[in-house]
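Asks: Please work out how this folds:
(one chain, ligands or ions: 1)
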Amino acid sequence: MKKIKANLIYNPTSGQVWNTFKPELVKKYLESKGWKLDISKTECQGDGIRLAKDSLMKKYDVVVVAGGDGTINEVVQGLAGSNIALGILPVGTTNVMARDLKIPLNFQEALRVLVEGETIDIDLGIINKKYFVMMVGIGFDAKLVNEVDSNLKKFTGPVAFVATSPVSMVSHKQAKMSIILWDKNGKKKKIKRDSYQVLISNAPTYAISLQVSLDAKFDDGLLDVDIFKSQKLHEFAWKLISIAFISKKSDSNMTETFQCKKMTIKTEPPMPIQVDGDSYGMTPALIEVKAKYLKIIKPKE
Ligand SMILES: [Mg+2]
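Replies: Predicted structure coming up:
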């Protein structure tokens, strides 16, 4: 049988979760299973993309990424649309993507999934030329992401978000939003609303939800769009925070929900955007789904 040729891309600065993580251990384990593993490490922002693109040139079968959601997102930018399967060793602080895919947060078990799991094709979203796996937030949540100092985020996780939010709440205003959606049949719909926040999700969970249901809409070729209804700011803010930290439950009192293949959004004034938990500029934006655009190794059902 042909050996599986894999490249491990790891971020040495994440990894407070596993003191046990060592790239040599990954190599030893995978090579005992008949793989051939090379190891590369990220040294600065953008390295994940560079190393993933490099892996395309070198025709690996699998890229294993050991890092948090930020590192995974970078590697995805390089692998999107390719035949290389992505394996995940969740070594980050939040690991939303790993949770969504039911990848174990335990090192030994996650390693075993690489060998014993199955490879599936999932959809990717793309916003202004950047791919996303989970979701895009426009408005209040993106503002929080901007304001949370990255060191604070690293050491205190979700607490930092909550601690920062009262400050942001006071200064956050609704924007006039003009949204155009194209639904699954390509039918166009124009929507104008005043709102604090829009969420666009590829995956079914949001932020660090622990109640994961994998009735995964990861591969339906559609994005779910939640526009928050106009209401008092403090009510909106606490609802968003409870969604973020408890679970994503659609609530028709709070949000209007649509599904689309493609959308454009303009806001007045411009609003900040977060992509899979990292800041990414301001509106306007063009957002589309790319159906079955990334191969991922996940546990067998
Ligand atoms: Mg979907």
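
Asks: Follow the chain on from the helix or strand containing residue 234 and name the next helix or strand.
Replies: Assigned by DSSP states H and E, residue 234 falls within helix 233-245. With elements assigned by DSSP H and E, the helix or strand that comes after helix 233-245 is strand 255-260.

Asks: buried set for the helix or strand following that following strand?
Replies: Heading C-terminal from strand 255-260, the first helix or strand you meet, by DSSP H and E, is strand 262-268. Within strand 262-268, the residues scored as buried using 16 or more other C-beta atoms under 10 Å are 262, 263, 264, 265, 267. The way it works is simple: take the backbone N, C-alpha and C, and place the C-beta from them, glycine included.

Asks: Any chance of TSV for the residues you listed, columns pLDDT and distance to residue 236?
Replies: Output for these, formatted as TSV (pLDDT from 0 to 100; distance: C-beta to C-beta, whole Å):
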residue	pLDDT	distance to residue 236
262	98	27
263	98	21
264	98	24
265	98	18
267	98	16
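
Asks: could you point out the longest strand in the chain?
Replies: With DSSP state E setting the assignment, residue counts place strand 285-298 as the longest strand in the chain.

Asks: Please save the CA atoms from that one in CSV.
Replies: Extracted C-alpha coordinates of strand 285-298, given in CSV (Å, rounded to 0.1, in the frame of the first residue of the first chain):
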residue,chain,number,x,y,z
ALA,A,285,-19.1,42.7,1.9
LEU,A,286,-19.8,40.0,-0.7
ILE,A,287,-20.3,36.6,0.9
GLU,A,288,-20.8,33.3,-0.9
VAL,A,289,-20.8,29.6,-0.2
LYS,A,290,-18.4,27.2,-2.0
ALA,A,291,-20.1,23.8,-1.8
LYS,A,292,-17.9,20.9,-0.7
TYR,A,293,-14.8,22.8,-1.0
LEU,A,294,-12.6,21.4,1.8
LYS,A,295,-11.7,17.8,2.7
ILE,A,296,-11.6,17.2,6.4
ILE,A,297,-10.7,14.1,8.5
LYS,A,298,-13.3,13.6,11.3
